[in-house]
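> From the sequence below, what's the structure:
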Amino acid sequence: MSATAKDARLSIGVCLGFSVGTVGVSIMLNTVTSFYPAFMSTVLGQSPEIAGYLLMISKLADAVIDVVVGSMSDNARTRWGRRKPFLLAGALLSAVSFLMLFAPPVLGQGALMAWMIAALLIYSTAYSLFNVPYMALPSELTDGFHERTRLISFRTVFVSIGQVLALAGTAALVQSGGAGRGGYATMGLVMALIIGGAMTATALSIPVRHAPRACSAPPLTCRSCPNCARSDAIVRS
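A predicted model of the protein is given here:
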C-alpha cells in the first residue's frame, strides 16, 4: 500500500459503522455472563452448578469454533468479500441465540437441558462468526498506525455503551417485566433486536475486502503481484 493510502483518513461513517457492532458483542458477552446463571437458578429453578457446566461446554466449543471460523474467513472468496458473509451470519444467529437463552419455552427438565445446550452452542458459534472476522477489520480498513488507533478509539466508546446496556439496561428491562420469566423474555427480545441491529449495521457499512490470491510462481521470482513484491522487498532489505 502506498504512503498516500496509508495516510488516508477514514471517514466518520466508516469509523462509526465499524464501531457500532461492538455494542452487540458487549451485550452478548456481559449479559450472558452476568444474568444467565441467575436466570437459570432463580427463574427456571435449576442448580447454579448446572448453569456453570452449560457455560463451560459453550466455552470449550468456542475454543474450537474460533479456529475454524478464522481459517474459513481468511480464505473465503465471495462477491461480498471475505468478512461480510460471516458478519451477517453472526448477526442473525446472535439475535436468535440470545432470545433462545432468555425466552425458552416451558419444557421439562431433560428437554430444557437440550434446549439450553443447543442455544449455547448456537451462541458460541454466532459469537465467533461475528467477532473473529470483526477483530481482523482494523488492519484491513487501513494500514496507517494513527488511523487504526483512531478506529479503535471509536470502538472503545461503543464498548462502554454496550456494557451500560448489558448491565443497567438489561436489569431495568427485567424489572419492568416483573423480574420473572416474562421480564427475562422481554429483555431477551429487546436486546436481541439491538444485538442483531448493531452487528448488521457494521456488516453493511464496512467496505468489501477480498482475500489476496495465492501466487503459483516460485518464491521471490514474481514481480507482478503486490504481495510477492512486498515480501521480496522485505527479504532484500
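
> Show me the contact partners of stretch 132-151.
1, 5-10, 14-15, 18-19, 21-22, 25, 66, 69-70, 73-74, 82-83, 86-87, 90, 152, 202, 206-207, 209 (C-beta atoms under 8 Å, 6 or more residues apart in numbering). (Each C-beta comes from the backbone N, C-alpha and C, glycine too.)

> Which entries within those meet the buried criterion?
10, 14-15, 18-19, 21-22, 25, 66, 69-70, 73, 82-83, 86-87, 90, 202, 206, 209 (16 or more other C-beta atoms under 10 Å).

> Do a quick rundown of the helices in the protein.
Along the chain, counting by DSSP state H, helices occupy 3-7, 12-38, 48-75, 84-102, 109-141, 145-164, 170-176, 181-205, 226-236.

> Give me whichever of those helices is most buried.
helix 84-102 (a mean of 23; mean count of other C-beta atoms under 10 Å).

> Restricting to C-alpha, output that helix in CSV.
Backbone C-alpha positions of helix 84-102 (Å, rounded to 0.1, in the frame of the first residue of the first chain) are rendered in CSV as follows:
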residue,chain,number,x,y,z
LYS,A,84,-19.2,-9.6,5.3
PRO,A,85,-20.9,-13.1,4.9
PHE,A,86,-19.6,-14.1,8.3
LEU,A,87,-20.5,-10.9,10.0
LEU,A,88,-24.1,-11.1,8.6
ALA,A,89,-24.4,-14.8,9.7
GLY,A,90,-23.1,-13.9,13.1
ALA,A,91,-25.5,-11.0,13.5
LEU,A,92,-28.6,-13.2,12.7
LEU,A,93,-27.5,-16.1,14.8
SER,A,94,-26.5,-13.9,17.7
ALA,A,95,-30.0,-12.4,17.9
VAL,A,96,-31.6,-15.8,17.6
SER,A,97,-29.4,-17.5,20.3
PHE,A,98,-29.8,-14.6,22.7
LEU,A,99,-33.6,-14.9,22.5
MET,A,100,-33.4,-18.7,22.9
LEU,A,101,-31.3,-18.3,26.1
PHE,A,102,-33.6,-15.8,27.9
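
> Residue 93 reaches residue 121, doesn't it?
No. Counting by C-beta atoms under 8 Å, residue 93 sits too far from residue 121 to count as a contact (10.5 Å).

> Can you tell me how far the closest residue to residue 163 other than its chain neighbours is from residue 159?
Nearest residue to residue 163, sequence neighbours excluded (C-beta to C-beta, 6 or more residues apart in numbering): residue 26, at 5.3 Å. Using C-beta to C-beta, to the nearest Å, we find residue 26 at a distance of 6 Å from residue 159.
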